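A.B. asks: got a predicted structure plus its sequence, pasted below:
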Amino acid sequence: MSVEGYNLATATQTFLNQLRARNYSEHTVVAYAEDIAHLAALMPERSPESIEPHDIRRALATLHAKGMATSSLARMLSGWRSLFRYLSRQHGLKNNPCLGIRPPRGEKRLPHTLSPDELAALLGAAPVESNADPLAIQDRAMFELMYSSGLRLAELIGLGLHSVDPARGEMRVLGKGRKERVVPVGRVALQAVQAWLAVRHRVVRVEEAAAASLFVGARGARINPAVVRERLRRLALRHGVTQRVHPHALRHSFASHVLQSSGDLRAVQEMLGHASLSTTQVYTHLDFQHLAKVYDGAHPRAKRKP
């Protein structure tokens, strides 16, 4: 089918339907839709074949001038490029106007991590007693598991009842691109998961498809990502962790702490499920920060006046 006569909105809807047909998660489809909507808003009447590279550059410059972060622009450009690539392959679009275009450069921020003391305060505070609030027991299991194994939020939510194998001390995780990997699980996290399983029946009262999920919401259905974020935020506030805490910070902290202790970048890459080692290498900068801090605090000539 030709794209002739399509406007950008129609082409986008066709692209999103194709993603759903290929079993992309709804979260990913919505992210693509939001990114492409920015482009459509800047050129609402334009057809895909009329868009040129200078239009894409102008769109990026406009969004950058409005204060959009360079990391967001890079992700957005990737989404636009995927849309036009799909239209080229499936609908006869002659040129991809995004090819060869790079987003504005910006300062590369290092991932936010928590110190071991902050994690001890955060995770050690959640209850494990069987007579406690079962959702509070679940909180500890979720966050111990994220920190123990470096899980993404979507990977945590996707865990089933039998994803964790306590006997082998490991867990099967379905990551990006529906790629499965096996990761080790620490002793404390295994204990927290078993404590949650012992009281899970008090939350899940009905047999339904979502009841096979390891972690659930207050009504027994698969837990919502927003609920996980909010429960972690409240747990941090309750126990005096003053840094902004979000689920991905537990993953970053896992990677940084394992790398500091082992120095094995390849092992960290495999546990995180990164396709490329270059993605994992950002944690070597965090490792150097740790070394520099120790050096500055210990060496008598470390802090010299400028």
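C.D. replies: Perfect, thanks for sending it. Remember, predicted model here, so these are calculated numbers, not experimental data. Numbering: from 1, shown residues only.
A.B. asks: which parts of the stretch 101-250 of the chain are strands?
C.D. replies: Counting by DSSP state E, counting those that start in this stretch, one finds strands in the stretch 101-250 of the chain at the ranges 164-165, 170-174, 180-184.
A.B. asks: in its sheet, what does the last one sit against?
C.D. replies: The reference is to strand 180-184. Sheet pairing for strand 180-184, assigned by DSSP bridges, gives strand 170-174 (antiparallel).
A.B. asks: looking only at pLDDT, what's the mean for the strand it pairs with?
C.D. replies: Across strand 170-174, pLDDT averages out at 93.
A.B. asks: now what about that strand, what contacts it?
C.D. replies: Outside of strand 170-174, the residues within contact range by C-beta atoms under 8 Å, 6 or more residues apart in numbering are 145, 149, 151, 155, 158-159, 163-165, 180-185, 273. The way it works is simple: take the backbone N, C-alpha and C, and place the C-beta from them, glycine included.
A.B. asks: and of the strands of the stretch 101-250 of the chain, who's closest to residue 23?
C.D. replies: The closest approach between residue 23 and any of those, judged by C-beta to C-beta, belongs to strand 170-174 at 11.6 Å.
A.B. asks: so where's the protein uncertain?
C.D. replies: Residue ranges of the chain with pLDDT under 70: 1-6, 106-110, 125-131, 205-211, 288, 299-306.
A.B. asks: got the strands of the stretch 101-250 of the chain as a markdown table, with mean neighbour count and distance to residue 200 columns?
C.D. replies: As requested, the strands of the stretch 101-250 of the chain are arranged in a markdown table below (neighbours: other C-beta atoms under 10 Å; distance: least, C-beta to C-beta, whole Å):
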| stretch | mean neighbour count | distance to residue 200 |
| --- | --- | --- |
| strand 164-165 | 18 | 13 |
| strand 170-174 | 18 | 17 |
| strand 180-184 | 14 | 22 |
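A.B. asks: give me the domain ranges for this structure.
C.D. replies: 8-91, 116-296 (automatic domain parsing).
A.B. asks: so for residue 101, which of those domains sits nearest?
C.D. replies: Smallest distance to residue 101 across these (C-beta to C-beta): 5.4 Å, for domain 8-91.
A.B. asks: how near is residue 184 to residue 149?
C.D. replies: 7 Å (C-beta to C-beta, to the nearest Å).
A.B. asks: shared neighbours of the two, anything?
C.D. replies: Common neighbours of residue 184 and residue 149, using C-beta under 8 Å, 6+ apart, are 171, 271.
A.B. asks: which stretches of the stretch 101-250 of the chain form helices?
C.D. replies: With DSSP state H, counting those that start in this stretch as the criterion, the stretch 101-250 of the chain has helices at 116-124, 134-149, 153-157, 187-199, 225-238, 247-262.
A.B. asks: now what about the fifth one, what contacts it?
C.D. replies: Translated: helix 225-238. Outside of helix 225-238, the residues within contact range by C-beta under 8 Å, 6+ apart are 27, 122, 125-126, 135, 139, 142-143, 153-154, 156-157, 215, 217, 243, 245-247, 250.
A.B. asks: hmm, try it at 10 Å
C.D. replies: Under the criterion C-beta atoms under 10 Å, 6 or more residues apart in numbering, residues 27, 114, 118, 121-123, 125-126, 135-136, 138-140, 142-143, 146, 153-154, 156-157, 215-218, 223-224, 241-250 lie in contact with helix 225-238.
A.B. asks: of those residues, buried ones?
C.D. replies: Neighbour counting over those (16 or more other C-beta atoms under 10 Å) leaves 114, 118, 122-123, 125-126, 135-136, 138-140, 142-143, 146, 153, 156-157, 215-217, 223, 241, 245-247, 249-250 as the buried ones.
A.B. asks: please name the nearest non-neighbouring residue to residue 25.
C.D. replies: residue 154 (7.0 Å; C-beta to C-beta, 6 or more residues apart in numbering).
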